[in-house]
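# Please find the sequence and the predicted model below.
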Amino acid sequence: MTKVTPEEFEDFRSQLGEASEVKESLSILENNLEECDWILEDATTLIAVDFEESVLMGDSLLEDLVERARKHLCKPEIEKGWDDLKDVLELVKELLPTPAPLVMACVFKLWEIGLKNLCKNE
C-alpha cells in the first residue's frame, strides 16, 4: 500500500508543468487520493471505476500499470530516451491506452520508486 502525503503530491505536481491535460489529470488524481485517505492503489481503482475501466477483485491495477511501464521504459532503446519525469510521462502516455488520470497514478508510482532505480534489476 502506497500512502501519499499532500506534500509529496505537490512536489510531484511541481515537476510536471502547466499543460492543461496534466493539470486536469493531477486534479482528478488528487481528488481521488483525498477520497481514499491518500492511498494510491485505492485512488487508482476508484479512478478506473469512474472511467468504467474493468477492474477485477484482487487484481492490483496500479502494479500492473507500473510493471508494464517499467518493462517498456527499461528497454535499452527506450531507456536512453528519457531523462526526467516529463519524458517518462510522455512515454507512458503513449504506452498505456488508459484514461490520463490512471497514467498519472502510474507515473507517480514510478516517480516514488525513483526514476534512477527503475531499470537496475533489468
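That came in fine, so what should we check first? Residues are numbered from 1 along each chain as shown.

# contacts, neighbours, all on C-alpha from now
Will do.

# is it true that residue 89 touches residue 107?
Yes - in this structure residue 89 lies within contact range of residue 107 using C-alpha atoms under 8 Å: 6.3 Å.

# Compare the two and say which one has the larger neighbour count.
residue 107 (26 against 21; other C-alpha atoms under 10 Å).

# I'd say that one and residue 93 touch.
No - at 9.3 Å, residue 107 does not count as touching residue 93 under the criterion of C-alpha under 8 Å.

# Select the longest helix from the chain.
helix 20-35 (DSSP state H).

# How about residue 21: what's its closest non-neighbour residue?
Spatial nearest neighbour of residue 21, chain neighbours left out: residue 100 (8.0 Å); criterion: C-alpha to C-alpha, 6 or more residues apart in numbering.

# Now for that neighbour, how many residues are close by?
20.

# gap between it and residue 116?
24 Å (C-alpha to C-alpha, to the nearest Å).

# okay, which residue is most central for this structure?
Residue closest to the average C-alpha location in the chain (C-alpha atoms, centre = their mean): residue 106, at 1.9 Å.

# any weak-confidence spans in this structure?
Applying pLDDT under 70 to the chain flags the ranges 56-59, 121-122.

# need the helices for it, in chain order.
Going by DSSP H, the chain shows helices at 6-14, 20-35, 40-50, 61-73, 76-79, 85-95, 100-113.
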